[in-house]
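Student: Okay, sequence plus prediction incoming.
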Amino acid sequence: MYQPHSVMGDQELPGVLILGVGGVEGVLENHVGLLKKNFHLITMKEFLENKKELSEKIKSIFIFERRPTIDRGLLESLPNLKVIANSGVGVDHLDLKLISTFGVKVTSTPQAVSDSTADTGMALMLASARRLVEGCQIAVSPDTERFAVDWLGVEVTGATLGIIGMGRIGYKVAKRAKAFDMKILYHNRKRRKEEEEQAVGAIYCKKMEDLLQQSDFVMLVVNLTPQTHRLIGKRELELMKPTATLINISRGAVVDQDALVEALQNKVIRAAALDVTYPEPLPRNHSLLKLKNIIITPHIGTATVQATCMMTEEAITNMLAVLNGLPIPSEVCPK
Ligand SMILES: O=C(O)C(=O)CO
C-alpha cells in the first residue's frame with residue numbers, strides 16, 4: 001500500500017495541475033486527500049485565472065480522466081514542469097516526442113489498470129456470447145410476446161479465444177479465460193516465455209492471420225501505435241469465422257470502424273463488443289449504434305472504485321519519484 005510522504009518537508013508543496021473532468025471537483029474525494037498530502041492542487045480554471053502567479057509553481061500535471069490535449073502552448077507556459085502523470089496505461093493522447101523536448105517525463109499506471117481492464121474484456125465477451133443486453137431489454141420490456149423470440153447465445157466454455165496483444169492486461173485475460181476452459185491463442189510482437197505460456201495454456205501464433213481464422217472470440221488488447229492503427233480492417237474481419245465475436249478493450253482506432261459496420265451488417269462475423277470507439281462517444285447517428293449484434297460500453301475499462309484509487313496512488317508514486325530524482329516506477333519513453 002502506498003505510504004504518502006511529503007517531498008518538500010516543511011517547505012511549500014509542489015504544484016500539480018489536475019486535468020480531468022471538472023478539475024479537482026471531478027477527482028474522487030479520497031483521492032483529493034491523497035494528492036493534498038503531497039501537492040498543492042491547482043485546477044485548470046485556477047491556472048488560467050492566475051497564470052502569472054501559478055505557472056512557476058506547477059511541477060507536475062496529473063491527468064485524472066479523459067484524454068486532455070497537452071500542447072506546446074501549455075508546455076511553454078510551465079517552465080518548472082517535470083512530469084506528466086497519466087492515469088491509465090494508454091498514452092496515445094500525448095505527444096511523447098514533443099513533451100520530451102521540454103525535458104518533461106511521462107508516466108503511466110500499468111499496475112493499477114490491468115485487473116479491471118481484463119475483467120471488462122471478460123464481461124464484454126460473456127455479455128456478447130450470452131446476449132445479456134438484449135436479454136435484459138426483453139426481460140424489462142412490457143411486450144411479453146418478445147419473451148418467445150429466438151435469443152440463443154453461444155458458449156464461452158471450451159471455445160477458442162484469440163488474444164491480440166499479450167502484455168500485462170492480455171495475460172490477465174488469458175488467466176481468466178483458462179478458468180473457462182477456453183483454448184487460448186495469442187499474437188504479440190514478442191513471444192512470451194515458455195513457462196508463462198504454459199501457466200495459462202496459451203499458444204503463440206506468429207501470424208495474426210492464423211489466430212483470426214481459428215478463434216471464436218478475438219480480443220484486442222494492444223496499445224494504439226502507428227503499427228496497430230486500423231490493425232483490424234475488412235481483410236482481417238473476412239478472415240474471422242462467421243460465428244466469431246470481436247471484442248475491443250484497447251483503443252477504437254485499432255479497428256477500421258467502417259469495415260466493422262459492414263462486417264456486422266453482412267454477418268461476416270457474428271457480433272462485436274467494444275469498450276472503445278472513435279470518437280468517444282460516438283455521434284448519436286453513427287451506424288454502429290443502429291446494429292443489433294453489438295454491445296458498446298463508454299470506455300469503462302478502469303472504471304472501478306479500486307482501480308481508480310490505485311491509479312491515483314500509482315500516479316502519485318511516479319510523480320514523487322520524478323520530483324525526488326528517484327527511479328521512476330512506470331516511465332513511458334518516446335519510441
Ligand atoms: O489504461 C487505459 O489507458 C485504458 O484505457 C483502460 O481501459
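Tutor: Noted; the coordinates are in hand. All values derive from a computational prediction rather than experimental measurement. Numbers count the residues shown, from 1 in each chain.
Student: for stretch 64-71, the distance to its chain's centre please.
Tutor: Centre-to-centre, stretch 64-71 and its host chain are 14 Å apart (Cα atoms, centre = their mean, to the nearest Å).
Student: I'd like the mean pLDDT over that stretch, please.
Tutor: Model confidence over stretch 64-71, given as mean pLDDT, is 82.
Student: And it, what's buried?
Tutor: Along stretch 64-71, these residues count as buried under the neighbour rule (16 or more other Cβ atoms under 10 Å): 64-65, 67-68, 70. For the C-beta atoms, the positions are set from N, CA and C on the backbone; glycine is no exception.
Student: out of those residues, who's nearest V255?
Tutor: Top of the list for closeness to V255, among the buried residues of stretch 64-71 and by Cβ to Cβ, is R67 at 17.8 Å.
Student: you'd agree that closest one is up against N86?
Tutor: No - in this structure, R67 is not within contact of N86 by Cβ atoms under 8 Å, at 9.1 Å.
Student: buried set for the helix or strand containing V113?
Tutor: When elements are assigned from DSSP states H and E, V113 belongs to helix 110-129. Buried residues in helix 110-129, counting neighbours by 16+ other Cβ under 10 Å, are found at 110-125, 127-129.
Student: Show me what K183 bridges to in the sheet.
Tutor: Note on K183: beta-bridge partners by DSSP bridges are T160.
Student: Can you report how many residues lie near it?
Tutor: The criterion is other Cβ atoms under 10 Å. On that basis, K183 has 17 neighbouring residues.
Student: Report the separation between the nearest residue to R191 once chain neighbours are set aside and S330.
Tutor: Of all residues beyond its chain neighbours, the one nearest R191 is Y204 (5.1 Å), with distances taken as Cβ to Cβ, 6 or more residues apart in numbering. Note on Y204: its distance to S330, by Cβ to Cβ, to the nearest Å, is 26 Å.
Student: and the two? which has more neighbours close in?
Tutor: Higher neighbour count among Y204 and S330: S330, with 19 against 16, using other Cβ under 10 Å.
Student: and that one, what pLDDT?
Tutor: Reading off the confidence values, S330 has pLDDT 97.
Student: Could you find the closest non-adjacent residue to F39?
Tutor: On the basis of Cβ to Cβ, 6+ apart, the spatially nearest residue to F39 that is not a chain neighbour turns out to be V16, at 4.0 Å.
Student: Contact residues of the stretch 101-250 of the chain facing the ligand?
Tutor: Counting by Cβ under 6 Å from any ligand atom, the residues of the stretch 101-250 of the chain lying close to the ligand are 113, 117.
Student: Show me the helices in the stretch 101-250 of the chain, by range?
Tutor: Listed from the start of the chain, the stretch 101-250 of the chain has helices (DSSP state H, counting those that start in this stretch) covering 110-129, 132-140, 168-178, 194-200, 208-214, 234-239.
Student: Any chance of JSON lines for those, columns mean pLDDT?
Tutor: JSON lines is the format used below for those (pLDDT from 0 to 100):
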{"stretch": "helix 110-129", "mean pLDDT": "97"}
{"stretch": "helix 132-140", "mean pLDDT": "88"}
{"stretch": "helix 168-178", "mean pLDDT": "98"}
{"stretch": "helix 194-200", "mean pLDDT": "98"}
{"stretch": "helix 208-214", "mean pLDDT": "98"}
{"stretch": "helix 234-239", "mean pLDDT": "98"}
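Student: Of all these, which one is nearest S77?
Tutor: For those, proximity to S77 was assessed by Cβ to Cβ; helix 110-129 is nearest, at 29.4 Å.
Student: Just want the angle from the closest one to helix 168-178.
Tutor: Angle, helix 110-129 to helix 168-178, by axes from the mean of the first three to the mean of the last three Cα atoms, to 10 degrees: 40 degrees.
Student: Who are the packing partners of helix 110-129?
Tutor: With contacts defined as 3 or more Cβ pairs under 8 Å, 6 or more residues apart in numbering; DSSP states H and E, the packing partners of helix 110-129 are helix 168-178, strand 217-220, strand 245-248, strand 271-274, strand 294-296, helix 305-323.
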